[in-house]
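Novice: Make a model of this:
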Amino acid sequence: MSFSSWLGLLAICCLGAMSPGPSLTMVVRHTLGGSRLHGIVCAWAHSIGIGVYALVTLLGLAAVLKASPLLFNGIALVGALYLAWMGIQALGSKGGMQQKLQAGNKTSMWIAARDGIAISLFNPKILLFFLALFSQFVLAAETIEGKALIVMTPLVMDGLWYSLIAIILSHSAILPKLREKALWIDRLSGLVLIALAIRVIVTLL
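Specialist: Now for the predicted structure:
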């Protein structure tokens, strides 16, 4: 892969990572509801899901999935139901994250990692994103090094971007103010996840 091709890949990965959506919501929730480390764990777990999709695209399996409507729709439906469940959990959260923290009920690292990877793996929009934009780069990756770049570039950029978000939000000048709005952030994240789940289901009908 040429350097200019890699720069194009890098630009697309940056734009994809920086686009606001449920992934950002999840990192924000775990940063506020846990700690900076919780947010970073969620961020890198999410990036592993992105790396899986990049690998799937590289191996040509993404095109196979898209060409098999029954399999693709089944995976998308399971993902939508899981996203809806996560949204309902957030909406049903009583008292918000600040009250939980005061009561000593901090979210575990395992839950932060689970939610991070789930929000990427169970979002079929990410698979479609890779299908639409990565084909040109897959064709340009003729060597092992080039193929590794195809997988590692989106994985690393995604992890770095959301880690930066977690670091900024956990700053001592910002975190207390955000935690005052924790209840509303819980509600907003729940609505975003449920809206995404509904959108996925509607596209399957």
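
Novice: In contact with the closest residue to L77 other than its chain neighbours, which residues are there?
Specialist: Ranked by C-beta to C-beta, 6 or more residues apart in numbering and with sequence neighbours excluded, the top spatial neighbour of L77 is L204, at 6.3 Å. Quick note: C-beta positions are derived from backbone N, CA and C, even for glycine. L204 makes contacts with N73, A76, L77, A80, as judged by C-beta atoms under 8 Å, 6 or more residues apart in numbering.

Novice: List the contacts of stretch 69-83.
Specialist: So stretch 69-83 is contacted by 22, 65-66, 118-119, 121-124, 193-194, 196-198, 200-201, 203-204 (C-beta under 8 Å, 6+ apart).

Novice: Mind checking which of the residues you listed are in helices?
Specialist: Those of the contacts of stretch 69-83 mapping onto helices are 22, 65-66, 118-119, 121, 124, 193-194, 196-198, 200-201, 203-204, per DSSP state H.

Novice: Which residue ranges of the chain form helices?
Specialist: Under DSSP H, the chain gives helices at 3-18, 22-33, 36-58, 61-66, 69-91, 96-102, 109-121, 124-133, 135-140, 144-169, 175-180, 182-204.

Novice: between those, which gets the lowest average pLDDT?
Specialist: Per-stretch mean pLDDT for the helices of the chain is lowest at helix 96-102 (a mean of 49).

Novice: What degree of burial does I198 show, as a neighbour count?
Specialist: Per other C-beta atoms under 10 Å, the neighbour tally for I198 reads 14.
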